[in-house]
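Undergrad: Quick one: sequence and predicted model below, then my questions.
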Amino acid sequence: MADQPAGSVDGPGGHGGPGGRAGSGTSAGPGSPTSGGSPRRFEDLLAELEAVTDRLAGGEVGIEEAADLYERAQRLHQEASARLEAVRTRVESLREPPAPGGRAE
């Protein structure tokens, strides 16, 4: 696995460990906040998920690495789905009329 392309989605060892995706700007793993303490952006999660699925679809990974990538894709999907749901809830709450007796701002 040492001869991975420079843009590989895996860190050292080819198991999605520390190092993450080249050029991602973070070494935090899926589900982890970035080094600044804030969660990763939805767009970043989606881009990494696409890279992982492209790697899997390429069919040039061994069975162990494929299993690792599949697990990583599941974690990324969960985190992206949660982020999307949180934003949807936030937008819906902004659209709701004020409660009766409440004052408009």
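TA: Everything's here; your move.

Undergrad: going forward, measure contacts and count neighbours with C-alpha atoms only.
TA: Will do.

Undergrad: which SS class is residue 79?
TA: State at residue 79, reduced to three classes by DSSP: H, G, I helix; E, B strand; the rest coil: helix.

Undergrad: what's the burial count for it?
TA: Residue 79 has 20 neighbouring residues, counting by other C-alpha atoms under 10 Å.

Undergrad: Relative to residue 96, how far out is it?
TA: Distance, residue 79 to residue 96, using C-alpha to C-alpha, to the nearest Å: 26 Å.

Undergrad: So which elements touch whichever strand or helix holds residue 88?
TA: Per DSSP states H and E: residue 88 is located in helix 63-95. When contacts are defined as 3 or more C-alpha pairs under 8 Å, 6 or more residues apart in numbering; DSSP states H and E, helix 63-95 packs onto helix 42-58.

Undergrad: where does this structure have low pLDDT?
TA: Along the chain, the parts satisfying pLDDT under 70 run over 1-37, 102-105.

Undergrad: if you set the cut-off to 80 instead, what comes out?
TA: 1-38, 96-105 (pLDDT under 80).

Undergrad: follow-up on the earlier one: may I see the buried residues of the helix holding residue 88?
TA: Neighbour counts over helix 63-95 (16 or more other C-alpha atoms under 10 Å) mark 65, 66, 68, 69, 72, 73, 75, 76, 77, 79, 80, 83 as buried.
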